[in-house]
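S.K.: Give me coordinates for this.
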Amino acid sequence: MEPGSEGPFKRLAREVAKFGAVGVVGTVVNFAVSNLLWHLTSLQAVRANVIATIVAIGCNYVGFRYFTYRDRDKSARTKELSLFLAFSLVGLVIENGILFAAIYGFGWDSSLQRNIFKVLGIGIATLFRFWSYRSWVFKALPVQDEILAESDPAPAASKPLPRPKQHVS
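M.R.: Here you go, the predicted structure:
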C-alpha cells in the first residue's frame, strides 16, 4: 500500500501509536528524573517535577519531529519550535498544577501519592498535547492525491477534443 493511500482512521491510529511510543519514552524520562531529584536532592517536589518535565519535553520534541511527525512540513522550524514550546508550557502547567494541588492543597505528599498525581497530571496534559501538536505544531500536509487533484484536475492530453460540426445537405 502506498503512503497516503490508507484511510483516515488508519492514519490517525498510526499517528496515535507513534505519539504514544514517543510519549512512553518521555514519561519514563520524566518519572526517572523527578524521582531521582525527589530522593537525591532537597528541591521542593513541584520544582523538581518542573525540571523533570522540561527534560522530558526536550526528549519528546526530538521524538515527535524525527519519528512521529517526520513527514510533516519542515519549512518553518522556528515557528514549529516556538509553538511546540508554548503548548508544552501549557502541558507543564497542567501536569504540575495537579501535583501542586495534591501536595499543597490536600497534603498528599508521600512518594506514592506524588507519583499517582504525576500520572494523573501527565494523562490530562497528554490529551491536550496530542490535540495541540497535531492541530497547530506539526500540521499535516495534504495527501499526495489531493495535491495532484488540486494542481491539475485533468491534463490537457487526456481531455477529449470537441467534435467538428458536420453539415448535412
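S.K.: Which of the helices or strands spans residue 71?
M.R.: Assigned by DSSP states H and E, residue 71 belongs to no helix or strand.
S.K.: Let me see the confidence value for it.
M.R.: With respect to pLDDT, residue 71 scores 84.
S.K.: Residue 31 now?
M.R.: You'll see residue 31 listed with a pLDDT of 97.
S.K.: Likewise for the one 10 residues further on?
M.R.: In this model, residue 41 is scored at 97, pLDDT.
S.K.: My understanding was that it contacts residue 51; is that so?
M.R.: No: using C-beta atoms under 8 Å, residue 41 makes no contact with residue 51, being 9.5 Å away. No exception for glycine: its C-beta is placed from N, CA and C like everyone else's.
S.K.: Same drill for those two, tell me which one is more crowded.
M.R.: The residue with more neighbours, out of residue 41 and residue 51, is residue 51; 16 against 11, by other C-beta atoms under 10 Å.
S.K.: I'd assumed residue 35 was in contact with that one.
M.R.: No: if you go by C-beta under 8 Å, residue 51 and residue 35 don't touch, sitting 11.9 Å apart.
S.K.: Point out the other helices and strands that the longest helix seen in the chain packs with.
M.R.: Across the chain, the helix with the greatest residue count (assigned by DSSP state H) is helix 8-40. Counting by 3 or more C-beta pairs under 8 Å, 6 or more residues apart in numbering; DSSP states H and E, the packing neighbours recorded for helix 8-40 are helix 45-63, helix 111-132.
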